[in-house]
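Asks: Mind looking at a prediction? Sequence and model below.
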Amino acid sequence: MDTSIIHNLDARVKVVAICSFVALTSTMNSIPLLATAVLFLLFLVGIARIPAGSFFKRLLWIIPFGGMLVVLFPFITPGVPAFEIKTGLFTLTASEDGINRAAVLFCRVLAAVSALSLLTSTTGFSALTAAFKELRVPSLLVSLIEFTFRYMFVLSDEMQRMRTARRARCFEGGGSLFNRHVFKTTGQLVGVLFIRSWERGERVYNAMLARGYSGQAGPVAGRSFSIKDLCLGAGILVFALSLRLIEIGGQLWQMSLK
């Protein structure tokens, strides 16, 4: 098990520092400063000794959520034309302002996903939810996070059982989703999966009630902060705040020149 300084950092301090880092970098518009923030996070990843392969796999979540906007921004933002893409039916014109906005968005999303990946890679799920409870996050929200995380494994288990049952009945997969038979089979699979998962969730909930579950999170015995935890957390926060102040100072300096 990894025992780096980032892993050993108090979960409450880590949550506050990383979430503040994301909030500050998400308001920045300077590409060089955002790139500096990303490099700082990669430095922390190196200190935490997180395998590069697993870390960059987490960053692939950028593609479905921010990738389309990054691609579309240059073509939907008005401004000075930068280049054109001609097709047989129409011409797409990318503007310089759109390219700059796309680059800023990409850097913001990359910094946010990198920071959250660092948090989840170095903090266990139980420690993370315990930190939320100690930070007075609403108990309903914490319970939703806990149940959603655990319910993913229920869905996965039900799906695996259904796949095993289909193979036992000599079901052959493959084919295009646009095929009527494949589309019908997939729809039935999703419907049955939902019903089975719902029924299993009801059984689990009734079992929890039988064991005294009242919907309220139990008490969490937290440990006190150490000077080392506070210094490291403050260092992460101060670095992000410094970048934001540098950007604000640069903007004020440019306005004074005008």
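Replies: Arrived safely.
Asks: For the worst-scoring helix or strand of the chain on mean pLDDT, name the packing helices and strands.
Replies: Lowest on mean pLDDT, DSSP states H and E among the helices and strands of the chain sits helix 62, with a mean of 72. Applying 3 or more Cβ pairs under 8 Å, 6 or more residues apart in numbering; DSSP states H and E, we find helix 62 packed against helix 96-122. Heads up, the C-betas are built off the backbone N, CA and C, glycines and all.
Asks: centre of the chain versus the helix it packs on, how much separation?
Replies: 11 Å (Cα atoms, centre = their mean, to the nearest Å).
Asks: Outside of the least confident helix or strand of the chain itself, list whatever touches it.
Replies: 106, 109-110, 113 (Cβ atoms under 8 Å, 6 or more residues apart in numbering).
Asks: now the residues you listed in CSV, with pLDDT?
Replies: CSV is the format used below for the contacts of helix 62 (pLDDT from 0 to 100):
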residue, pLDDT
F106, 87
V109, 88
L110, 88
V113, 89
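Asks: Residue ranges in the stretch 101-250 of the chain under the pLDDT threshold?
Replies: 170-182, 215-223 (pLDDT under 70).
Asks: Which parts of it are helices?
Replies: With DSSP state H, counting those that start in this stretch as the definition, the stretch 101-250 of the chain shows helices at residue ranges 125-134, 139-168, 180-210, 227-257.
Asks: Make TSV out of the contacts of helix 62 and add distance to V204 and neighbour count.
Replies: What follows is these, written out as TSV (distance: Cβ to Cβ, whole Å; neighbours: other Cβ atoms under 10 Å):
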residue	distance to V204	neighbour count
F106	41	18
V109	35	19
L110	38	19
V113	32	20
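Asks: Please tabulate these in TSV, including the columns distance to Q160.
Replies: Below are the contacts of helix 62 laid out as TSV (distance: Cβ to Cβ, whole Å):
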residue	distance to Q160
F106	36
V109	33
L110	34
V113	29
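Asks: tell me which of those residues is nearest to S4?
Replies: For the contacts of helix 62, the minimum distance to S4 (Cβ to Cβ) is 20.5 Å, reached by V113.
Asks: before we move on, back to that, looking at the helices of the stretch 101-250 of the chain, which is nearest to V22?
Replies: helix 227-257 (8.5 Å).
Asks: Any buried residues in the closest one, and which?
Replies: The neighbour-count check on helix 227-257 (16 or more other Cβ atoms under 10 Å) flags 229, 232-233, 236-237, 239-240, 243-244, 247 as buried.
Asks: helices or strands next to that helix in the packing?
Replies: Using 3+ Cβ pairs under 8 Å, 6+ apart: helix 227-257 touches helix 11-25, helix 31-48.
Asks: right, so these: which one is the most enclosed?
Replies: Burial of the helices and strands packed on helix 227-257 is given as mean neighbour count (mean count of other Cβ atoms under 10 Å); helix 11-25 ranks first at a mean of 21.
Asks: what sits against the closest residue in space to F225 that isn't next to it in sequence?
Replies: Excluding the flanking residues, the one nearest F225 by Cβ to Cβ, 6 or more residues apart in numbering is D10, at 5.9 Å. For D10, the contact set (Cβ under 8 Å, 6+ apart) comprises 223, 225-226, 229, 233.
Asks: got TSV for the residues you listed, with distance to A35 too?
Replies: TSV is the format used below for those (distance: Cβ to Cβ, whole Å):
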residue	distance to A35
R223	36
F225	32
S226	32
D229	28
G233	23
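Asks: and of the buried residues of helix 227-257, the nearest to G53?
Replies: The closest of those, once distances to G53 are taken by Cβ to Cβ, is I236, at 24.2 Å.
Asks: All set now, cheers.
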